[in-house]
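>>> mind folding the following:
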Amino acid sequence: MAVNPVRWGILGTGGIAQAFAEDLQLTDSGVAVAVGSRSEGSADRFADKFGIANRHSSYESLAADPDVDVVYVATPHPMHHDNALLALRGGKHVLVEKPFTMNADEARSIVRVAREHGLFAMEAMWTRFLPHTAVIRDWLAQGALGDVVTVTADHGQWFAEDPGFRLFAPELGGGALLDLGVYPVSFASMVLGTPNRIMSLSDPAFTGVDAQTSMLFGYASGAQAVLTCTLRAKSPTRAVIVGTDATIEVEGNFYAPTAVTLVPRDGAPTRVESVHEGRGLRHQADEVARRLAAGELESPLMPLAETVSIMETMDTVLAQAGKSA
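Here you go, the predicted structure:
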């Protein structure tokens, strides 16, 4: 364990919170010291499972816990904004699950409060911190692709049609785009930045949330991104970055630890396997620890301005989706 490990408070006890707690046990950069739930029973069960000392039966109590340095916000999307503000106003740094918020206005609100309080904030887009993503960034920085022409990425999963399940429930921020589409949108943003042209097509699920959304983004460079997401079927979940000199192929699931291959226009391909332990969520925890140790209030790998930009892009997509549905 590090000399001064980050002391994490986990806000929420659902599946992603459990995955994060499991991965946190694989790193020496931080330790879970507290968990907060809306019920004492849920907090106790989570704390017992992961050996967490402080258990809180309210989010307010967790935010006030003096033993906590950083709060990991792992509640459903519509709660991210209020929960993050609660933690920030309690003097805690925050790591907020993706999508960061429900819309860009909420994202800007979190960023503003974090900066007013001089606290660290970051979107928990765990893909940004995985080993294979670092390889992609290196290839791009070296100019191995030449000029990037096209980015393609898809994220489709099959879910049984249950109106109470969060991906189908409007009140829980359901829909393909916010939960699944955020991955290809964020991937394209990492490679190409903010699009200056957005076209989208969407079809609704039986509850009215978007079941399938396809996006075409254009950029000032002349590059394009073709992105899809769906709740109706398991798709290949691959990503490709096409350049004038070479192509990067990211194997499925592109958003999780996986292998990447650099395929030059001429010559032999280079394939890099992903070496990792656990699910992959540990890397974002390590990034938070690195930035805090350096006295930084955001990560250059997932900057707050880019998180806001991604939410603005998805706002536009959803607005167009409403017209196309």
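>>> please, where are all the helices along the stretch 201-325 of the chain?
282-293, 304-324 (DSSP state H, counting those that start in this stretch).
>>> quick one: closest of the ones you listed to Ala223.
helix 304-324 (14.9 Å; C-beta to C-beta). From N, CA and C alone the C-beta is placed, and that goes for glycine too.
>>> which strands and helices sit next to the closest one?
helix 104-116, strand 121-124, helix 182-192, strand 197-204, strand 210-218 (3 or more C-beta pairs under 8 Å, 6 or more residues apart in numbering; DSSP states H and E).
>>> which of the ones you listed sits most buried?
strand 121-124 (a mean of 27; mean count of other C-beta atoms under 10 Å).
>>> next SSE after that strand?
helix 131-141 (DSSP states H and E).
>>> can you put the helices of the stretch 201-325 of the chain in TSV and add mean pLDDT and mean neighbour count?
Shown next, in TSV, are the helices of the stretch 201-325 of the chain (pLDDT from 0 to 100; neighbours: other C-beta atoms under 10 Å):
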stretch	mean pLDDT	mean neighbour count
helix 282-293	97	20
helix 304-324	90	19
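>>> out of the helices and strands packed on helix 304-324, which comes closest to Val135?
Between Val135 and these, the shortest gap by C-beta to C-beta is with helix 182-192, which sits at 12.9 Å.
>>> quick one, the closest one and helix 304-324 angle?
Helix 182-192 runs at 120 degrees relative to helix 304-324, counting by axes from the mean of the first three to the mean of the last three C-alpha atoms, to 10 degrees.
>>> now what about helix 182-192, what contacts it?
98-99, 125, 127-128, 133, 136-137, 140, 148, 151, 153-155, 177, 195, 215, 217, 219, 221, 223, 225, 227-229, 239, 241, 254-255, 306, 309-310, 313-314, 317 (C-beta atoms under 8 Å, 6 or more residues apart in numbering).
>>> separate out the buried members of those.
Among these, those classed as buried by 16 or more other C-beta atoms under 10 Å are 98-99, 125, 127-128, 133, 136, 140, 148, 151, 153-155, 177, 195, 215, 217, 219, 223, 225, 227-229, 239, 241, 254-255, 306, 309-310, 313-314, 317.
>>> next, the distance between the ends of stretch 220-229.
24 Å (C-alpha to C-alpha, to the nearest Å).
>>> beta partners of Leu201?
Taking DSSP bridges as the rule, Leu201 bridges to Ser214.
>>> tell me the domain boundaries of the chain?
6-125+281-294, 131-275+310-324 (automatic domain parsing).
>>> show me the contacts for the closest residue to Leu297 other than its chain neighbours.
Spatial nearest neighbour of Leu297, chain neighbours left out: Phe120 (4.9 Å); criterion: C-beta to C-beta, 6 or more residues apart in numbering. Counting by C-beta under 8 Å, 6+ apart, Phe120 touches 70, 93-94, 114, 288, 291-292, 296-298.
>>> repeat that with 7 Å
With contact set as C-beta atoms under 7 Å, 6 or more residues apart in numbering, Phe120 has these partners: 93, 288, 291-292, 297-298.
>>> same deal with Met311?
Per C-beta under 7 Å, 6+ apart, neighbours of Met311: 99-101, 103-104, 107.
>>> pLDDT below threshold where in the chain?
1-2, 323-325 (pLDDT under 70).
>>> surely Pro76 is in contact with Gly173?
Yes: using C-beta atoms under 7 Å, Pro76 and Gly173 qualify as a contacting pair, with a distance of 5.8 Å.
>>> distance check, the closest residue to Ser29 other than its chain neighbours against His283.
Among residues not flanking Ser29 along the chain, Ala289 sits closest, at 3.7 Å (C-beta to C-beta, 6+ apart). To His283, Ala289 is 11 Å away according to C-beta to C-beta, to the nearest Å.
>>> double-check that Phe20 belongs to a strand.
No: counting by DSSP: H, G, I helix; E, B strand; the rest coil, Phe20 is not part of a strand but helix.
>>> kindly reformat the contacts of Phe120 as a markdown table containing distance to Gly14.
Shown next, in a markdown table, are those (distance: C-beta to C-beta, whole Å):
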| residue | distance to Gly14 |
| --- | --- |
| His93 | 21 |
| Val288 | 20 |
| Arg291 | 26 |
| Leu292 | 25 |
| Leu297 | 28 |
| Glu298 | 26 |
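>>> check contacts around the residue nearest to Ser29.
Contacts for Ala289 (C-beta under 7 Å, 6+ apart) come out as 6, 29-30.
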